[in-house]
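Q: Need a 3D model of the sequence below.
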Amino acid sequence: MTRAQRNKAQAHKAPPRRMQGLTALPGSGPVRMDLPGGNWIVNVGAWQALLDDGTDQLEAGDFDQAVQTLTKALKSAPAGTPMRSRALWALGTAWAQLEKYDVAYPLHKEAVALEPQRPEYWHNLAMTCLGRHYPVEAEAAWHKCLAVEPGADLRRMALDGLCEVESGRAMRIAASPGLTVEAIRAHEPVFRAGLDAIDRHDFAAAMALFQQSAALDNCHRQSWANLGVALMASGRLDESEVALRRALQIDPAYAFAQSRMRVLEELRLAAPGVGEGGEAGALGRVG
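A: Here you go, the predicted structure:
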């Protein structure tokens, strides 16, 4: 899905002008709120103005400015309240429109945890998961969206999203003889655990996890590319080349694997040990 298609599909990108669930908050000035984490003095009117400005910027396509404005709205929203969930959802959507899915993901996750009855939250979480190449979680989020009775437009988008997940699954099975739906479902958490291991520079764990994920889906280019990264970071350059070449065999135009191959050649020209541990941060990873 292209960025333009994803922006169009993620149509629920602006909260309603007057937020549901906040009508019980008196006035528009400073309000004392007694919450489990302590007392907050909240200027509801100022928060609402920030949220309105941020959602206007979202609608206008000014996503960078929306991020700045909605970050302020989030900082002024008390924890555990609908105010926070609205700001989380809007800010997560702004980041997703910028294709910063790793940033958007935890924001959407917290939003649905705070208000799981809101179908638009589940839809935008699903879109973000799809952007992160997490189709299994995206599928689950769209089912949650449908379960909380969305309107006709959002229902259509959720069903379209489920069709896209199913189409992608069928393509994976066609490209990898012997791959099953069960293996695809088992693959995603293993692959994600591998990404987490790379992020914390636990390359031994990352190697084992990406070997496992590649065994579950031998045609998953990201598993092979990230296995190459983990091996490279451990100084196992020949094995890294094998993994990266497998990723490029699957997709010769795969830009991430191409760039890691260039890094590999640079490491071979450098002094021994350059690729071990200390330079790992420059290698990156791809979700």
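Q: Need the residue closest to the centroid of this protein.
A: Geometric centre of the chain, nearest residue: Tyr101, 3.7 Å, by C-alpha atoms, centre = their mean.
Q: my read: that one touches Gly131, true?
A: Yes: with contacts counted by C-beta atoms under 8 Å, Tyr101 reaches Gly131, the gap being 3.9 Å. Every residue, glycine included, has its C-beta placed from N, CA and C.
Q: Mark out where each domain of the chain begins and ends.
A: Recorded structural domains for the chain (assignment: automatic domain parsing) are 40-171, 181-282.
Q: gap between the last one and the chain center?
A: Here the centre of domain 181-282 is set off from its chain's centre by 20 Å, with C-alpha atoms, centre = their mean, to the nearest Å.
Q: Same check on the first one?
A: Average the C-alpha atoms of domain 40-171, do the same for its chain, and the two points are 11 Å apart (C-alpha atoms, centre = their mean).
Q: can you list contacts of the helix or strand containing Gln65?
A: According to DSSP states H and E, Gln65 maps onto helix 63-75. With contacts defined as C-beta atoms under 8 Å, 6 or more residues apart in numbering, helix 63-75 is touched by 47, 50-51, 53-55, 57-58, 84, 87-88, 90-91, 94-95, 97-98.
Q: Which of these are buried, as a PyMOL select command?
A: Applying 16 or more other C-beta atoms under 10 Å to the contacts of helix 63-75, the buried members can be selected in PyMOL as follows:
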select buried, resi 47+50+51+53+54+55+57+58+84+87+88+90+91+94+95+97
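Q: Sitting in helices, which of the contacts of helix 63-75 do you find?
A: Members of the contacts of helix 63-75 lying in helices (criterion: DSSP state H): 47, 50-51, 53-55, 57-58, 84, 87-88, 90-91, 94-95, 97.
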